[in-house]
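*Asks:* for reference, the sequence and a predicted model appear below.
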Amino acid sequence: MSYTIAQFAAVAATVLFIFSLHWMNDPKTARRGVMSGVTAMVVAILATWAQPEIVHHGWIVLAIIAGFIVGVPLSRVPLTAVPQRTALSHAFGGLAAGLVGTAKYYLWLGERPEQLTAFRMTAIVAEVILGYLTFTGSLMAAGKLQEVRWIPQRPVTYPGQNVVNLGILGIAVVIGVLLVARPTAVWSGDVFPVIIGLALLFGVLLIIPIGGADMPTVISILNSYAGLAAVAMGFVLDNKLLVTAGALDGSSGLILSIIMCRAMNRSFTNVLFGAFGTVKAGPAIADQRVWKQETVEGAAQLLEQARLVVVIPGYGMAVAQAQHKVRELYDQLTKRGVTVKFAIHPVAGRMPGHMNVLLAEADIPYSALVEMDEINPEMPQCDVALVIGANDVVNPAARTDRTTPIYGMPIIDADKARTVLAIKRSKSPGFAGIDNALYVQDNTWMLFGDAKAVIGDVVKQFAGGGIH
């Protein structure tokens, strides 16, 4: 009876996971999707726990308590830290898969070698390689996003790097094939750790040549790897629910990666091996032309006289936590009859959907959020393009300069607006290390400072409060 209930609960959890993914596709139902996913995970844990063959329940309770102790503080990170928090989740998922695969292999090798069939051994090898490379790769990605001192933010490259990386992965795969062929050989237990070490090393070497501008795509690719590791773990444990959940996770991450690569007009191989973000020597744009600075009073006047204002948010808005001030500015402008739209680039920020999450938190109407392909035809009719901390996604060099690493990447056509107001903390380039030609155009005016403070001062102008 308990087995039947457990199977029914597993089916229910699977359905909830599917609906969760479907509802996450739309901001209006995203919260429902999150709750569906959480419910599915709780049901899945209880369904697994209720199976009669599960033993050592006390240890499971301790593991759950430990998970809560770690997970609750991690759930309270600021929105600016959500990308690296997401990368850490992928790291934990990959590590869990790797440890389960390792434990199962040595358990069966010592006690039940007949269980190490070719199929199961293939699943274990895949689980271990994908799990451990996801672990170290995600830790490196989180370190880059957090700007940890000892992890280089810019791409780290050296001659023959791709050959070395593929060679390490190839050796791990070859050893894995040997283990599949002879899983219980005398030497098998000794060479298994070699696969683990190579996978851990490959995860590090996979990420260090990737620049910050590619982090959103890298996060989604790592998500896909974690999902595939979970699929392999499901086959090892003979857990259909784990196979289904992992497949949903892996496929959604892969699809998202494809969408983001298309948004940058680049391929998977170019993202993983192209070292996007490498700074090339040459005169800086800022040294060639003058940056024109506007006052807060002048910016408020331009915005008030406009008919259409397009706000283009970027990571600078996230760092300054300016989304609520942006909402106040939106209210002030719409109250005056100004049409305000938000142009969302697929790779703006540090993770997929980063800007959507921030603007949703500030209760910006979903109808005001417009994707890049839809807003670009309207940009020539835009009176003011307000760029808040965005760099590479509005850089017109992507259309004209073949020497820049971002050449060919689709951008939001902010430069085609009648007037551009750009809020920026300094004259330093974006995370990709590329100077932005938009900032020195004749129709661009700069507002230097923290985005939250600058927009707050503009709002005060509308409210008649002046500037302190």
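*Replies:* That came through fine. No experiment lies behind these values; they were computed from the predicted model shown. Residues are numbered from 1 along each chain as shown.

*Asks:* any weak-confidence spans in this structure?
*Replies:* The chain contains residues with pLDDT under 70 at 1-3, 52-58, 79-80, 153, 211-213, 266, 268, 270-289, 429-433, 464-468.

*Asks:* tell me the domain ranges of it?
*Replies:* Structural domains assigned to the chain are 1-76, 86-273, 285-463, following automatic domain parsing.

*Asks:* shouldn't residue 370 be within a strand?
*Replies:* Yes - checked against DSSP: H, G, I helix; E, B strand; the rest coil, residue 370 lies within a strand.

*Asks:* mind checking how far the residue lying closest to it once chain neighbours are set aside is from residue 26?
*Replies:* Of all residues not flanking residue 370 in the chain, residue 341 sits nearest, at 5.1 Å (CB to CB, 6 or more residues apart in numbering). For glycine as for every other residue, the C-beta is placed from the backbone atoms N, C-alpha and C. To residue 26, residue 341 is 19 Å away according to CB to CB, to the nearest Å.

*Asks:* the two: who's more crowded?
*Replies:* residue 341 (19 against 11; other CB atoms under 10 Å).

*Asks:* doesn't that one belong to a helix?
*Replies:* No - Residue 341 is assigned strand when assessed by three-state DSSP, not a helix.

*Asks:* that one: what's it in contact with?
*Replies:* Neighbour list for residue 341: 308, 309, 310, 311, 368, 369, 370, 375, 378 [criterion: CB atoms under 8 Å, 6 or more residues apart in numbering].

*Asks:* nearest to residue 407, of the residues you listed?
*Replies:* residue 375 (21.6 Å; CB to CB).

*Asks:* so which strand or helix has the closest one?
*Replies:* Per DSSP states H and E: residue 375 is located in helix 372-375.

*Asks:* and for residue 241, the neighbour number?
*Replies:* When neighbours are counted by other CB under 10 Å, residue 241 registers 23.

*Asks:* now it: closest residue in space that isn't a chain neighbour?
*Replies:* Nearest one to residue 241, counting by CB to CB, 6+ apart, is residue 10 at 4.4 Å.

*Asks:* so the one you found touches residue 47, yeah?
*Replies:* Yes - counting by CB atoms under 8 Å, residue 10 does reach residue 47; the two are 4.9 Å apart.

*Asks:* so what sits against both of these two?
*Replies:* Residues touching both residue 10 and residue 47 (CB under 8 Å, 6+ apart) are residue 241.

*Asks:* residue contacts, residue 313?
*Replies:* Residue 313 touches 323, 326, 342, 344, 348, 355, 358, 359, 388, 389, 390, counting by CB under 8 Å, 6+ apart.

*Asks:* would JSON lines of the residues you listed with secondary structure and distance to residue 246 be doable?
*Replies:* Listed next are the contacts of residue 313 as JSON lines, based on DSSP: H, G, I helix; E, B strand; the rest coil; distance: CB to CB, whole Å:
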{"residue": "323", "secondary structure": "helix", "distance to residue 246": "33"}
{"residue": "326", "secondary structure": "helix", "distance to residue 246": "38"}
{"residue": "342", "secondary structure": "strand", "distance to residue 246": "34"}
{"residue": "344", "secondary structure": "strand", "distance to residue 246": "29"}
{"residue": "348", "secondary structure": "coil", "distance to residue 246": "29"}
{"residue": "355", "secondary structure": "helix", "distance to residue 246": "28"}
{"residue": "358", "secondary structure": "helix", "distance to residue 246": "29"}
{"residue": "359", "secondary structure": "helix", "distance to residue 246": "31"}
{"residue": "388", "secondary structure": "strand", "distance to residue 246": "38"}
{"residue": "389", "secondary structure": "coil", "distance to residue 246": "36"}
{"residue": "390", "secondary structure": "coil", "distance to residue 246": "35"}
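
*Asks:* any idea whether the residue nearest the centre of the chain is helix, strand or coil?
*Replies:* Geometric centre of the chain, nearest residue: residue 351, 3.0 Å, by CA atoms, centre = their mean. With three-state DSSP as the basis, residue 351 sits in coil.

*Asks:* what's the spacing between residue 167 and residue 205?
*Replies:* Distance check for residue 167 against residue 205: by CB to CB, it reads 10 Å.

*Asks:* who touches the helix holding residue 375?
*Replies:* By CB under 8 Å, 6+ apart, the surrounding residues in contact with helix 372-375 are 263, 310, 341, 343, 344, 345, 346, 410, 411, 412.

*Asks:* contacting residues around the closest residue in space to the last one that isn't next to it in sequence?
*Replies:* Read it as residue 412. Setting aside the residues directly before and after it, residue 412 is nearest to residue 343 in space (CB to CB, 6+ apart), at 4.9 Å. Neighbouring residues of residue 343 by CB under 8 Å, 6+ apart: 310, 311, 312, 370, 372, 375, 412, 414.

*Asks:* no further questions, thank you.
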